[in-house]
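> below are the sequence and a predicted model for it; my questions follow.
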Amino acid sequence: MPTPASIGLSREDLPNSYIGRSVPRPNLPKLVQGRATYTDDVVLPRMLHAAFLRSPHAHARILAIRTEAALAVPGVVRVFTGADLAKVCDPWVAVLDHLKGMKSAPQHPLPLERATWQGEAVVAVLADTRAAAEDGVAALEVDWDPLPAQTDMETALDAGTTVIHPELGDNLVFTRTATKGDVDAAFAAAHKVVEATFVTGRHTGVTLEPRSIIADYNRADGTLTVHQATQAPHMMQTVYAKHLRMEEGQVRVICKDVGGSFGIKVHVYPDEVAVAAMARILGRPVKFIADRFESFASDIHARDHRIKARMAVEADGTIIGFDVDDLTGIGPYSVYPRTSAMEGNQVVNLVGGPYDFAHYRCTTRVVLQNKAPTCQYRAVGHPIATAVTEGLVEMAARALGMDPIELRRRNMIRDDAYPFTSPPGMRFEGLSHHASLDKLLEMVPVARIRADQAEQRKKGVYRGLGFAAFIELTNPSPFMYGIGGARISAQDGCTVRMDPDGSVVASSGVTEQGQGTEAILAQIVAHGVGVPVERVKIITGDTLNTPYGGGTWACRGAGIGGEAALQSALALKAQILEVAGAMLQAPPESLDIVMGHITDRATGAERMTLHELGRIVYFRGDTLPRDLPRELVQTRHFITKEYPFAFTNGIQACWAEVDTDTGMVKLLEHWVVEDCGRVVNPLLVDEQVRGGVVQGLGGALYEHCVYDERGNLLTTTMADYLVPMSAEMPDIHVGHVETPTKESLLGAKGAGEAGTAGAPGALLNAINDALAPLGAQVLEQPFTPARILAALGRF
Amino acid sequence: MMITLTVNGERVTRHVEPRRHLIDFLRLDLGLTGSHAGCEHGVCGACTVRVDGEIVRGCLVLAASLDGAEVTTIEGLTDSGEVADLQEAFVARNAAQCGFCTPGMVMAAADILRHHADADRAAIREHLSGNYCRCTGYQAIVDAVAATLSERAIHTPADAGRGDRTQEAGR
Ligand code: FES
Ligand code: FES
C-alpha cells in the first residue's frame, strides 16, 4: 500500500515530485492569448439563436400570447411557449427526500399559466441571429393579469399573505431546528448575553461569462449534444435525459472553457432546459447566451437572510451557547436539483463552528417570494454563519472588555480534540483553529496596528481590525445529495493511459472553470506515474470521454478528483513497471519511473525510456511474454468513506478605515490563514483564496440585488450592481496550515470557498471595531455608506 | 453599409448593419473570438481592443464608424509579440483563472506598458479599474503588470522615450 511518504509527498526535492510545487497552469497561455473556447465561441451549422421574453411583472397570470408579429420579423424561425415545450419536457420539483418536510412546486422550462418573478423567461423566439431573435421578442404581445406579489420574507408566513403556489398551502418551503443542551436555562444563568439581528443582502455571482448553452439534437442518431458552461456535466446529462424523456446514453454534455462559475453554473435553469427542448423539437442546434440584464434577472441569487442571534458567555469569556433564528427568502421555486434549502441548512450546521460550547439552538425557515430564485453560491451559507458567529464573538469581547483574540483562544476547539462532533451534529476529522490563529498572528502586526489605530483616532481617523475564524465544508459525500434522491455524483473517476510516445493522458470527471483543476490533475498524474508534467495531457468536461463524476463544486476538484487521479496514476505506474520488469528481466519492485525513464530503484541507474517501452508494447507486442497484462490504461474512482465532508478551517483578519463623514469604507490590508489539507499547488491555492476573499468583500461592501416592494429588480446593469474593482481591493496575505485528511492518500481538502466564507465576517468586525469608540455598529450587509452614516446617526 | 479597415494588420472589407457593435463585428463577422462581451454596456472591460492606438470598449463602438481605422485585438497583440513578456508574467504569476476577462486585461495592461511606464502598484490598480475580474482578486494581475514594468525598465536605457507620466493615485 502506498503511503504519503512512499510516494514522495514529503520529498519536494525529487525531480518529478510535483505535489506541493508552484507549477504554472498549462492551460494559461491559451487564456492570455485569447485562444480559449468558451461556449459562445462555438458555431455550429444550421444553428439558431434564442432570445426570451421575460416577465415584466413579479407575479402575473399569462392571459394570452400573440406571436404573429414576432413571426413576421425577418430572420425569426419559430416561437415557443410553455405549452409547446411541455409536450416534450416533464416538469421538475426541487426537493430532497432527506430534508424532511421540504416542498416546492413543479417547474416547467417556460411557465404555463403564471409568471412568478420579474425576469422569468416566458416565451422563446428562435431566429438566425440573436439580434433578429431580440427583434422578435420585441414584437411579441402578451396579455398579463398582474397579481399581488409576495416580496417580504418577514410577512411570507402571515395569514392573508399571497400564497405563491396555492397547492402548497403556504409559503414555507423548509424548516429545521438543531438543538443541544438546555439553551433557555443556560442563557438565563449566563454572565452576559449579546444579541443582534444580522441581515445579509441578496447578491449574485456575476460570472464574467454569462450563462451559455448550445443544444444540438441529431435526429439521425437520436442524440442530444449540449455545449454548456456548467460545473457539472454529468449531472446535466442526467437532467436532460430525464426531463426530455431520453436515455442518459443519448445525451452528451461538453464544456470547454468556462468563464467563471462560483456555484452559479451548477444549477438547472429553466431557460437552458428550454433551449434543449427546442433543439429536441427542431432537430437543429440552438444557442442561448444570456446578456447581462438576463444574468441579473435570472442567474440564481443568494444570501437573502435575516438572522436574529444571541450568544451567552461566562465572566471569563467561556462561550456557553448560541441561540439563532434564521429566515431566508428563496424566490418562487426551490432550484433544481440541489434545492434552495441548503443555504439555510448550512447556516444551521455552521453557526458557532470553530468553538467548543454546550448549548445550541438554531432554526432556519425557508420561505417563498416573488423574486428571482436563490440557491447555492460560493461558500454556501458559510459567510452568513461566520459573520453571525464572529460578529457575536467580538460583541461579547467588547461587552467583557476582553481582547477578542484571547476570547477566541479560550473557546476554539483544541487542535488535539478530534474527531469532534459539533452541537448541530457535524463530525470533524481534524481542524487546526489554534495553529491557524498562531500563524495569523505571525503575519498580522497586531501591536503596530493597535498603536496606529489609537494614534489615528486622536486625529479623527477611524480604523478597525477585525477577525473571523471559520469552518468550510468541502468534498461532500452522498450524504449531501445522493441520499436525498438527487442524481448528483459524490464520487469521481479518472482514467490514465500511456501512449506509445511515453506521454500520458488523463481524463477526469471533475471540471475546469478557472480554478486550475487541469493543472493540479496534471501535477498529480505526473507525480504518480513519474513523468515530466509537460508530458501529461488532461481531458475534462465531456461526458462521453471522461469517467462519470460530480464535476467541480464544493471544492471537490483536488480532494475527490485529485485522489482519483493519484490512484489511477499509481495503478498505471504499477502496470508500466510490470511490463518493464518483463522486458528487463527484473522484479517490478526493483524498478521505478523517474521523469519518464525506467530506473533501477536501488542505484537510480536508467534502464529504459517510457518511449521505448511504449514502442514495444504498442508495435512489437510479439516480443513480450504471451500472457503479460499490457493494458497501459487504468481507471480509479474515489469517494470519501468515513466523514460526510472534508471540513477545512481558517481565520482571516481585515484592517479597514471608515470615513465617518462619507460612510465610505477603505480596505487597507487583509490576511488569511487557511488549512485545506495538502496544498497541491501553492500558487493556485493562494489565488483561489484571494479571489474568494474579494468575492466575499464584494458581497459585504457593494453587491446587492435590490428589489422594490412590488418585486421590481432595480439592479439590472453593472452600473447599478457594483462589484469590486482592482483599485478598491487591498493586498491580501495568505498563509497555510496543512492538516491532510486521512480519508485519502493525497490528503487534499477544498480551498475555493475559504476566502468567501471568512471575509464578510472579518470586515464586519473591522468596521465595528472602527466605529466602537463612536458607539455605533452596522449589522446589515452590504455595508453601504448610507447604512454606516445611519449607524452614526448622520443620515 | 460597406466598411474597409485594418484588423491586426490585415485589410478587411465587410458589409455591416448600422447597429453592429465592434465587439460583435470582431467576434461574429471576423471570427476573432479572443475579445469577449461581459456586459455589453461599457462597464466590465472584457471587450477592450485597440483602435488607432488607443484602447476602447468594443461594445460601445459601432463598427460602421470605423471605416479606415486600424484595430488590434488580443490575437493581433499576441502575434506581434508586443506583450509576450507580459503574457509570460501572467502565466508565471497565475494572473488569470477562468480567463474570460484576461484578453481585455492584457489589452488594458499593454496600454499601461505603452503609456505609463512609471506606474506604481496603486496606479496600476487605478488603471485596471475599468476591467472587472470576478475570479482572481486582482492582486496577481497587478503583480504581473508590475513585474513586466520593472523588467522592461531594467532593460530599457533610462533616457529612452517614456510615455505620459503616470497619474498619481494614492490609496
Ligand atoms: S462588454 Fe464592453 S465593457 Fe463589458
Ligand atoms: S479570470 Fe475569470 S474573470 Fe478574470
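Arrived safely. Ligands and ions are numbered 1, 2, ... in the order given.

> pLDDT weak spots in chain B?
Across chain B, residues meeting the criterion (pLDDT under 70) sit at B:157-171.

> which residue is nearest the middle of it?
Central residue check for chain B by C-alpha atoms, centre = their mean: the C-alpha nearest the mean position is that of B:M107, 1.3 Å away.

> please give the element, helix or strand, for that residue.
Secondary structure assignment for B:M107, by DSSP states H and E: helix B:102-115.

> now do that helix: distance to the chain's middle.
Once both centres are worked out by C-alpha atoms, centre = their mean, to the nearest Å, helix B:102-115 turns out to sit 4 Å from its chain's centre.

> for the closest residue in space to B:D67 that isn't next to it in sequence, give me the backbone phi and psi.
Distances taken as C-beta to C-beta, 6 or more residues apart in numbering or on different chains put B:I3 closest to B:D67, at 4.3 Å, once the chain neighbours are dropped. Placement of C-beta: from N, CA and C, glycine included. Note on B:I3: backbone dihedrals following degrees, to the nearest 10 are phi -130, psi 150.

> could you do A:F174 as well?
phi -160, psi 150.

> so what's it up against?
A:F174 sits next to A:99, A:101-103, A:334, A:339, A:341, A:344-345, A:364-366 when contact means C-beta atoms under 8 Å, 6 or more residues apart in numbering or on different chains.

> what is the nearest of those residues to A:L110?
Nearest to A:L110 among the contacts of A:F174, counting by C-beta to C-beta, is A:S334 at 18.2 Å.

> tally up the residues packed near the residue in the stretch 1-150 of chain A that chain B sits nearest to, please.
Checking the stretch 1-150 of chain A residue by residue against chain B with C-beta to the nearest C-beta singles out A:G34 as nearest, at 2.3 Å. For A:G34, the neighbour count with other C-beta atoms under 10 Å in any protein chain shown is 24.

> again, but for A:G249
A:G249 is flanked by 11 other residues according to other C-beta under 10 Å.

> same question for B:D67.
13.

> then the one 3 residues further on?
Residues contacting B:E70 under the criterion other C-beta under 10 Å number 15.

> what are the boundaries of the strands in the stretch 251-400 of chain A?
Counting by DSSP state E, counting those that start in this stretch, residue ranges of the strands within the stretch 251-400 of chain A are A:251-254, A:286-289, A:301-302, A:305-313, A:319-329, A:359-367.

> wait, I meant the stretch 401-550 of chain A
For the stretch 401-550 of chain A, the strands defined by DSSP E, counting those that start in this stretch occupy A:420-421, A:427-428, A:462-474, A:492-498, A:504-508, A:536-539.

> can you list the neighbours in contact with the second one?
Spelled out, it's strand A:427-428. With C-beta under 8 Å, 6+ apart as the contact definition, strand A:427-428 has outside contacts at A:413, A:418-422, A:471, A:643-644, A:647.

> which of the residues you listed are buried?
Using 16 or more other C-beta atoms under 10 Å in any protein chain shown as the burial test, the contacts of strand A:427-428 include A:413, A:418, A:422, A:471, A:643-644, A:647 as buried.

> and which of those is nearest A:A569?
Looking across the buried ones among the contacts of strand A:427-428 and measuring by C-beta to C-beta, the closest to A:A569 is A:Y643, at 24.2 Å.

> now do the same contact list for residue 135.
Using chain A. Residues near A:D135 by C-beta under 8 Å, 6+ apart: A:73, A:75-76, A:127.

> not quite, go with chain B.
With contacts defined as C-beta under 8 Å, 6+ apart, the neighbours of B:C135 are A:208, A:260, A:514, A:691, B:96-98, B:101.

> among those, which ones lie close to ligand 2?
If you filter the contacts of B:C135 for contact with ligand 2, counting by C-beta under 6 Å from any ligand atom, you are left with A:208, A:260, A:514, B:96-98, B:101.

> same list (those) but as CSV, adding distance to A:V665.
Rendered in CSV, the data for those read as follows (distance: C-beta to C-beta, whole Å):
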residue, distance to A:V665
A:L208, 24
A:G260, 25
A:G514, 28
B:A96, 28
B:Q97, 26
B:C98, 28
B:C101, 24
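
> and the residue of chain A that's closest to ligand 1?
Sorted by distance to ligand 1 under C-beta to the nearest ligand atom, the residues of chain A start with A:M718, at 7.2 Å.

> assign the closest residue to that residue other than its chain neighbours to helix, strand or coil.
Once flanking residues are discounted, A:M718 sits nearest to B:V43: 3.8 Å by C-beta to C-beta, 6+ apart. Look at B:V43: counting by DSSP: H, G, I helix; E, B strand; the rest coil, its state is coil.

> so what's B:V43 up against?
A:717-719, B:130, B:132.

> ok, A:R310 next?
With the criterion set at C-beta under 8 Å, 6+ apart, A:R310 makes contact with A:187, A:193-196, A:322-324, A:392.

> A:Q228 too?
With contacts taken as C-beta under 8 Å, 6+ apart, A:Q228 has the following neighbours: A:39, A:212-214, A:236, A:253-255, A:272.

> who does the helix holding B:M107 touch, helix- and strand-wise?
Here helix B:102-115 is seen to pack against helix A:28-32, strand B:48-51, strand B:54-57, helix B:74-80, helix B:84-93, helix B:121-127, helix B:139-155 when contacts are counted using 3 or more C-beta pairs under 8 Å, 6 or more residues apart in numbering or on different chains; DSSP states H and E.
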